[in-house]
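Asker: next one to model:
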Amino acid sequence: AMLWNYVKEMKKKKQQQSNDSDDDPPIESIVLLAKSHLLGFYVQCGFRVNRPSPIVHGKELWYELEQSCTDATQLQSLPKEDESWFCKMEQFKRPYPQVKPFLEEHNQWVQKLRDEGQCITSGYRVDKDGKPGGGGLMFLAAKSYQEALDIVKNDPLVSNDCVDWELNGWIGQVGDIQMR
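Answerer: This next block holds a predicted model:
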């Protein structure tokens, strides 16, 4: 409850800032650091995982998470009536240092699509210890396989030949998925 209240207050403060003309810089997002075992909790609270953090504290890896302070109701969270789910699975085929700049471009590309109203989410898989390296997974809504393919081909990880990837349609059998 404390985290939800904090996020709610920050979003309220952002709304007040847009109505005021004070000298404080606008609040665009909430950024926090977390260890791998807490990533699921924060994702459920609406944060996205940006990257492993360059900040070192102790022996464990920390991750940078972020939540936009824009109104969440603007986000398309389910496919439209004439759309279906598609899933792109990927695995790096080049060493991480070569892929890293394109991974950052990928994250910005996905965020831009979300800001434009595209129903899409992207993340990476981790091993049993919570360490990255299992590849990536992206869900998106599109009217057809061809439309989904056209979107995926614009992914910086795909267009720069950083990943082996596969695109499939996805049909939920029990339950469904919804974007946050």
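Asker: now Ile30: phi and psi?
Answerer: Dihedral pair for Ile30: phi -110, psi 120, per degrees, to the nearest 10.
Asker: ok, it - contacts?
Answerer: Ile30 makes contacts with Tyr6, Val7, Met10, Phe47, Glu66, Gln67, Cys69, as judged by C-beta atoms under 8 Å, 6 or more residues apart in numbering. Placement of C-beta: from N, CA and C, glycine included.
Asker: most widely separated two among the residues you listed?
Answerer: Across those, the longest distance by C-beta to C-beta is 14.1 Å; it joins Tyr6 and Glu66.
Asker: who has more neighbours out of those two?
Answerer: Glu66 (17 against 12; other C-beta atoms under 10 Å).
Asker: doesn't that one belong to a helix?
Answerer: No. Under the criterion used here (DSSP: H, G, I helix; E, B strand; the rest coil), Glu66 is strand, not part of a helix.
Asker: beta partners for it?
Answerer: On the basis of DSSP bridges, Glu66 is bridged to Val31, Arg48.
Asker: buried sites along the helix or strand harbouring Val152?
Answerer: Taking DSSP states H and E as the criterion, Val152 maps to helix 145-153. By neighbour count with 16 or more other C-beta atoms under 10 Å, helix 145-153 contains the buried residues Ala148, Ile151, Val152.
Asker: which strands or helices does the helix or strand following it pack on?
Answerer: For helix 145-153, the following helix or strand on the C-terminal side (DSSP H and E) is helix 156-159. Judged by 3 or more C-beta pairs under 8 Å, 6 or more residues apart in numbering; DSSP states H and E, the packing partners of helix 156-159 are helix 96-115, strand 163-170.
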